[in-house]
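Engineer: generate a structure from the sequence data that follows.
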Amino acid sequence: MTTIPPIGTVGQPTQDASSTTDRADQMGKDTFLKLLVAQMKYQDPSNPTSSSEFMAQTATFTQVEKLEEIASQNAELLTLQRSLSAGALVGKHVAYTDDTGVTVTGAVSSVLVSAGSEPRAIVGDKAVPLGRITEITVPEVDTPTTSTPASTPPTSTTPPTS
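Structural biologist: Below is the predicted model of the structure:
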């Protein structure tokens with residue numbers, strides 16, 4: 001039996017990755033719009049905001065909107081990339097670290113992909129998060145052997161004599 005070299009190995013198992021970040025100190029487009037409306041509402045009538053300042057604030061609001069769209073698209077791309085990477089594991093042999101710290105090996109029979117969580121590879125009867133997989137190998141493949149055809153006795157093309 002030959003040893004198959006690993007296709008890829010990774011370092012320590014990772015934690016579940018998150019595609020979104022909610023921070024209390026971030027201002028979204030709603031907060032920005034509320035501030036803009038409040039500024040217009042309470043501006044000094046004798047010294048109104050200049051049109052160039054208003055246009056700059058509107059441009060900033062548009063930038064915030066577009067950045068939120070880009071962040072949303074990046075999250076969708078990350079989810080798609082995770083799904084494709086997980087699907088590529090089907091049929092491969094993997095090694096992973098279980099909850100007790102023991103390295104377990106087996107073949108990936110399928111992959112579970114659900115929204116909001118890390119894809120999981122089904123190895124045997126266990127669903128393994130992709131972050132726990134430490135080694136991926138190609139299953140051993142039997143190489144076809146070619147054989148030469150057996151020699152056949154020569155055939156004669158002359159009719160038998162009587």
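
Engineer: and the next helix or strand past the helix or strand of the chain with the lowest mean pLDDT?
Structural biologist: Using mean pLDDT, DSSP states H and E, strand 8-9 stands out as the lowest-scoring helix or strand of the chain, at a mean of 47. Downstream of strand 8-9, the first helix or strand assigned by DSSP states H and E is helix 29-41.

Engineer: show me the shaky parts of the chain.
Structural biologist: For the chain, the stretches with pLDDT under 70 are 1-28, 49, 141-162.

Engineer: buried residues, the lengthiest helix in the chain. List them.
Structural biologist: Counting by DSSP state H, the longest helix found in the chain is helix 51-87. Within helix 51-87, the residues that count as buried by 16 or more other CB atoms under 10 Å are 57, 64, 82, 86. Where C-beta positions appear, they are placed from N, C-alpha and C, glycine not excepted.

Engineer: from the residues you listed, pick the one nearest residue 41.
Structural biologist: Of all the buried residues of helix 51-87, residue 41 sits closest to residue 57, with 13.7 Å by CB to CB.

Engineer: which non-adjacent residue is nearest the closest one?
Structural biologist: Of all residues not flanking residue 57 in the chain, residue 36 sits nearest, at 5.7 Å (CB to CB, 6 or more residues apart in numbering).

Engineer: noted, bye for now.
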